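Visitor: Structure of the sequence below:
(one chain, ligands or ions: 1)
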Amino acid sequence: MNMYVPVHIKSPAGQLPPIDEVALRYLVARDGLYLERRTTLFHSSVRVEPPIPLPQHEEFCQLRCPKLPRMMLRQMLGFFDAAYRMHGGEAALVLLFHPERRCYRWCCPRQTIQMYKSMGKYRADDQVEFQSPLTLPEGYLHLGDAHSHHGAAVPSYIDRADENYQDGLHIIVGNIVSGRHTWHADFCIDGQRFTVPPELLIDELPRPPFLPPGQTWMQQIELKYRSSWGSSNGYGASNYGRPPKKLRGYWDEN
Ligand SMILES: [Zn+2]
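Guide: Numbers count the residues shown, from 1 in each chain. Predicted coordinates for the structure are as follows:
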């Protein structure tokens, strides 16, 4: 296949440039790649089915941001530990990045833990629901989030389903119960998930003592009490729903 075949993008607004009297060109449209031919005998446009006779190309994603500072890891672990001591469940933080200053910042979003009754005791459900803040400190961009897990630092089915629609970095700190924390990070972009090797983001996870969170962060945690696991998962409760959108979160306080 000729490497110099022109490629055009079909856009709703623009017309394609006229094709020469005898020519070959590709067109990228909603459902794929088309090969358009015009000869002295015919003019055609045919969708190209894979394998397309071109050199192989691989999907990739390379993070271009620096490692997370140790102080921020201590802040994150301090909050996750304090939240676990409060309700026995998960907690979440939103990660911001300032592209010009090349620095990070945590934002503590409003977050909801469903508490369900089991054997006479209230227990936290295995997920934390939160919304990313709609307003951010000046110059910062939303880069992703971090949340804790009781057990392994492995994205759950719910994590994967949520993150399919949230481009960015998704960090999980596992084994929050044992204190021997584990780490997992994925970067999701355009519907694809790339696992980020730990050494690209951290040197190592700090050990206790961590930085204790301030009251404003702890006050972002809302507990919703349900009478049973079923009601907490929408099978029995009529008032189950995603938490309401909150307009603000609390930035890191240190
Ligand atoms: Zn999770």
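Visitor: low-scoring stretches of the stretch 151-254 of the chain, by residue?
Guide: Flagging of the stretch 151-254 of the chain using pLDDT under 70 yields the residue ranges 228-254.
Visitor: Let's verify the residue in it that the ion sits nearest to: helix, strand, or coil?
Guide: With Cβ to the ion as the measure, residue 159 is the residue of the stretch 151-254 of the chain nearest to the ion, at 4.1 Å. C-beta: built from backbone N, CA, C; applies to glycine. Following DSSP: H, G, I helix; E, B strand; the rest coil, residue 159 is assigned to helix.
Visitor: burial measure for it, as a count.
Guide: Using other Cβ atoms under 10 Å, residue 159 is surrounded by 17 other residues.
Visitor: wait, it sits on residue 171?
Guide: No: contact between residue 159 and residue 171 fails when scored by Cβ atoms under 8 Å: they sit 10.8 Å apart.
Visitor: and for those two, which residues touch both?
Guide: residue 147 (Cβ atoms under 8 Å, 6 or more residues apart in numbering).
Visitor: rewinding a little: what's the distance between the residue of the stretch 151-254 of the chain closest to the ion and residue 128?
Guide: If you measure residue 159 against residue 128 using Cβ to Cβ, to the nearest Å, the figure is 10 Å.
Visitor: from memory residue 183 sits against residue 170, does it?
Guide: No: using Cβ under 8 Å, residue 183 is not in contact with residue 170, being 12.0 Å away.
Visitor: Might you enumerate the residues of this protein proximal to the ion?
Guide: 156, 159 (Cβ under 5 Å from the ion).
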